[in-house]
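Q: the following block contains a protein sequence and its predicted model.
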Amino acid sequence: MKFLSLLGAIGAGIFAATWLASLQRRGSIAAPVGGLNINQASRQEIMNVLGLDADTADRIIEHRPYPTRLDLLGRMVLPDEIYRSIKDRIVYKAS
């Protein structure tokens, strides 16, 4: 009986972790229509809309302007994993 309870707890933990990871990938706040402009967004907008930490938001701001989204990778501002998670929610219109 204890073994079944343990298995149930492990299963619930895995389910919760998977669910939280999917929420994090989607972002807790929807991006503006057309995406968040990484050349004009504030630090707080980058953190809230894209779900990034303060250091990452600061790196994005520090390396502006971006003529394309791929410059986030080319300039090594973001790791590939983070870029793939936000690339569909950002735009790069010049200021």
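A: Perfect, thanks for sending it.
Q: how does this protein divide up, domain by domain?
A: Per automatic domain parsing, the structural domains of the chain span 1-29, 31-95.
Q: comparing those, which comes out most buried?
A: Comparing the domains of the chain by mean neighbour count (mean count of other CB atoms under 10 Å), domain 31-95 comes out on top with a mean of 15. All C-beta atoms are positioned from the backbone trio N, CA, C, and that covers glycine.
Q: for the nearest residue to residue 80 once chain neighbours are set aside, identify the helix or strand it belongs to.
A: Nearest residue to residue 80 in three dimensions, chain neighbours excluded: residue 73, at 6.5 Å (CB to CB, 6 or more residues apart in numbering). Using DSSP states H and E, residue 73 sits within helix 71-74.
Q: which strands or helices does that helix pack on?
A: When contacts are defined as 3 or more CB pairs under 8 Å, 6 or more residues apart in numbering; DSSP states H and E, helix 71-74 sits against helix 80-86.
Q: thinking again about what came up before, mean pLDDT lowest where, among the domains of the chain?
A: When these are compared by mean pLDDT, domain 1-29 comes last with a mean of 64.
Q: how close does the residue nearest to residue 88 when sequence neighbours are not counted get to residue 10?
A: Among residues not flanking residue 88 along the chain, residue 35 sits closest, at 7.6 Å (CB to CB, 6+ apart). Residue 35 sits 38 Å away from residue 10, going by CB to CB, to the nearest Å.
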